[in-house]
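sequence first, then the predicted structure:
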Amino acid sequence: MENFYESMYKLIVETSTNLPKDVRRAIAAAKLRESAGTRSAMSLATITNNIKMADDNISPICQDTGLPTFKLKVPVGANQLKMKEDIKRAIAQATKDGKLRPNSVDSITGKNSGDNLGDGTPVIKFEQWEKDYIDARLILKGGGCENKNIQYSLPCELEGLGRAGRDLDGIRKCIMHSVYQAQGQGCSAGFIGVGIGGDRTSGYELAKEQLFRRVDDVNEREDLRKLEEYVLEHANELGIGTMGFGGETTLLGCKIGVINRIPASFFVSVAYNCWAYRRLGVYLNPETGAINEWLYQDGDEVDFGQAEATSTEEQQQSVREVVLEAPITEEQIRELKVGDVVRINGMMYTGRDAIHKYLSENDSPVDLNGQIIYHCGPVMMKDEDGKYHVKAAGPTTSIREEPYQGDIMKRFGIRAVIGKGGMGPKTLKALQEHGGVYLNAIGGAAQYYADCIKSVEGVDLMQFGIPEAMWHLKVEGFTAVVTMDSHGNSLHADVDKSSLEKLSKFKDPVFK
Ligand SMILES: O=C(O)C[C@H](O)C(=O)O
Ligand code: SF4
């Protein structure tokens, strides 16, 4: 097994940096469907650009490299203890090399282990089989989409859809609802794995197992094949679109599996995966551990078309572009409206969960008056001179900061926050009262945004670990869309409302 460590290192690096071809094909098809010039089309262009940049830089597609989860099928007699040790070593090395973000934190204290190793991380699952080779697969599923997983216990009442009973049609309603409730927060357009049956644990297990299926495979069960096709077609009629901006493509894949249950329980478990669907696999020689074959990567190179979606002159004119540089005044903010595209130059400060809690109880280490907060936990690398360089830096889900955001903006005079997925009524009210704006960046576009960051000018609160620290970033041409303005408008609230109306069209029974 002399090559096993090296094979696992390659599997980790490829999974983090090289999006599988079956996923690329689904994204390319979605890009063709969106009308040029819309916000969704522009977002998809940024996404495909980002995928290419990750290829070229061999850097993480998204900064959140998730909870690494390995699934291995091994011949009888293979030494699982040795394999586990090699996998852990490869994880630590890939983290050191900036291919994975240090993502393993103590659940209670929040202390980051720094190397992605710790109790329960990474997840490694073994199964024995009769074949004479090793099948090793890895999925890097980030936190934003993981938080949008959902489990239904049938029968239940669902917003928009009414009663979901204990039958195929009830299952259909749950799956449609799961896509609606995710909105853009799991970085749509997404992929879902569905597990029918089992208990709460094995149901989710089965749902996640479905994410290892190929995007273009066909379910062997006729009833489930029909259900998969139905969901894929109709979920795209909800109008949630890329990043929840509205549009034609909300879902890129739906895979459903079923296992037995016990009479009292009827679970439908849904695992939501963002467009940055990073899962790969290899077949290995069981003696040496060398890679014999890569999975999911067959077929031609995928051409995403032009880097920028073309738009008609009329559409271009309807999108207003504004350049902002901090410190920003209240007047500048009041001029911004939902739909405006903002290009930012100059300074911004990262702040996510730990910083928001900290700022709610303490003074800020820097003057934030007129400044911009970026909800982001980057991947950083230190060079020999002790200088930090950004390896990946896309936005994180903003709604987690909802309890703090409005108060913090008012207290410190912050004028703009950048994140993804939108925020709730409390923040919207604060934006209106204080004169603030919420800017939506494209989730997962970590290479694209890293490229806009010209230098790291400093860092505070490093005790929270790399992703949670407050990084002082100097940016150029950092582009985001105003989705909540200081006049009480929220694109997120609008899309939520209209998609709920559309969801209710799927109330009537379809599968008898
Ligand atoms: O943790 C992050 O950087 C992002 C996270 O995956 C999210 O989607 O919110
Ligand atoms: S930021 Fe978006 S693309 Fe990245 S892991 Fe989170 S949900 Fe996925």
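It's in. Ligands and ions are numbered 1, 2, ... in the order given.

can I get the CA coordinates of the lengthiest helix in the chain in PDB?
For the chain, the longest helix by residue count, based on DSSP state H, is helix 39-57. Below are the C-alpha coordinates for helix 39-57, written out as PDB (Å, rounded to 0.1, in the frame of the first residue of the first chain):
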ATOM      1  CA  ARG A  39     -29.000  38.500 -12.700                       C
ATOM      2  CA  SER A  40     -29.100  34.700 -12.800                       C
ATOM      3  CA  ALA A  41     -27.200  34.600 -16.100                       C
ATOM      4  CA  MET A  42     -24.600  36.900 -14.800                       C
ATOM      5  CA  SER A  43     -24.200  34.800 -11.600                       C
ATOM      6  CA  LEU A  44     -23.900  31.700 -13.700                       C
ATOM      7  CA  ALA A  45     -21.200  33.400 -15.800                       C
ATOM      8  CA  THR A  46     -19.300  34.200 -12.600                       C
ATOM      9  CA  ILE A  47     -19.700  30.600 -11.400                       C
ATOM     10  CA  THR A  48     -18.300  29.100 -14.600                       C
ATOM     11  CA  ASN A  49     -15.500  31.600 -14.600                       C
ATOM     12  CA  ASN A  50     -14.700  30.600 -11.000                       C
ATOM     13  CA  ILE A  51     -14.700  26.900 -12.000                       C
ATOM     14  CA  LYS A  52     -12.100  27.600 -14.600                       C
ATOM     15  CA  MET A  53     -10.000  29.800 -12.300                       C
ATOM     16  CA  ALA A  54     -10.000  26.900  -9.700                       C
ATOM     17  CA  ASP A  55      -8.600  24.600 -12.500                       C
ATOM     18  CA  ASP A  56      -5.900  27.000 -13.400                       C
ATOM     19  CA  ASN A  57      -4.800  27.900  -9.900                       C
END
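
chain center to stretch 92-106: distance?
18 Å (C-alpha atoms, centre = their mean, to the nearest Å).

same question for it: list its buried residues.
A92, Q93, A94, T95, G98, K99, L100, R101, P102, N103, S104, V105 (16 or more other C-beta atoms under 10 Å). Placement of C-beta: from N, CA and C, glycine included.

and the residues you listed as TSV, adding pLDDT, distance to ligand 2 and secondary structure?
Shown next, in TSV, are those (pLDDT from 0 to 100; distance: C-beta to the nearest ligand atom, whole Å; DSSP: H, G, I helix; E, B strand; the rest coil):
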residue	pLDDT	distance to ligand 2	secondary structure
A92	98	21	helix
Q93	98	22	helix
A94	98	16	helix
T95	98	16	helix
G98	97	16	coil
K99	98	15	coil
L100	98	12	coil
R101	97	10	coil
P102	97	15	coil
N103	97	10	coil
S104	98	15	coil
V105	97	16	strand
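
pick out the most distant pair among those residues.
Q93 and V105 (19.7 Å; C-beta to C-beta).

measure how buried the residue in the chain positioned nearest to ligand 2 is and give me the count.
Among the residues of the chain, G142 lies closest to ligand 2, at 1.9 Å counting by C-beta to the nearest ligand atom. G142 is flanked by 26 other residues according to other C-beta atoms under 10 Å.

can you tell me which residues contact it?
By C-beta atoms under 8 Å, 6 or more residues apart in numbering, G142 lies in contact with C62, D64, T65, G66, C187, C274, A276, G444.

please report how far it lies from R24.
Separation of G142 from R24 (C-beta to C-beta, to the nearest Å): 18 Å.

how near is L284 to ligand 1?
Distance, L284 to ligand 1, by C-beta to the nearest ligand atom, to the nearest Å: 29 Å.

pretty sure that residue contacts W294?
No. Proximity of L284 to W294 does not meet the contact threshold set by C-beta atoms under 8 Å, at 10.9 Å.

the more surrounded of the two?
The neighbour comparison of L284 against W294 (other C-beta under 10 Å) goes to L284, with 25 against 17.

for ligand 1, what is the nearest residue in the stretch 1-150 of the chain?
G144 (1.7 Å).

go ahead and confirm that residue touches R400.
No. Counting by C-beta under 8 Å, G144 stays clear of R400, with 9.3 Å between them.

worst mean pLDDT across the helices and strands of the chain, which element?
Least confident element among the helices and strands of the chain, by mean pLDDT, DSSP states H and E: helix 313-318 (a mean of 56).

following that one, which helix or strand comes up?
Per DSSP states H and E, the first helix or strand lying C-terminal to helix 313-318 is strand 321-325.

what about that following strand, average pLDDT?
Averaging pLDDT along strand 321-325 gives 96.

L431 in helix, strand or coil?
With DSSP: H, G, I helix; E, B strand; the rest coil as the basis, L431 sits in helix.

in contact with it, which residues?
G406, M409, V437, Y438, M484, D485, S486.

ok, and which of those reach ligand 2?
The subset of the contacts of L431 within reach of ligand 2, by C-beta under 6 Å from any ligand atom, is empty.

what's the closest of those to D55?
Using C-beta to C-beta, the contacts of L431 come closest to D55 at Y438, 31.5 Å.

could you give the bridge partners of the closest one?
Bridge pairing for Y438 (DSSP bridges) gives the partners V417, M484.

ok so, going back, type out the ChimeraX command that picks the buried ones from the contacts of G142.
This is how ChimeraX selects the buried members of the contacts of G142, with burial counted by 16+ other C-beta under 10 Å:
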select :62,64,65,66,187,274,276,444
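
now the two most distant members of the contacts of G142.
T65 and C187 (14.0 Å).

looking at this, R400 is in a strand?
No. Assigned with three-state DSSP, R400 falls outside any strand and is helix.

so where's the protein uncertain?
Scanning the chain for pLDDT under 70 picks out the ranges 306-318.

how many residues are close by the residue of the stretch 1-150 of the chain closest to ligand 1?
29.
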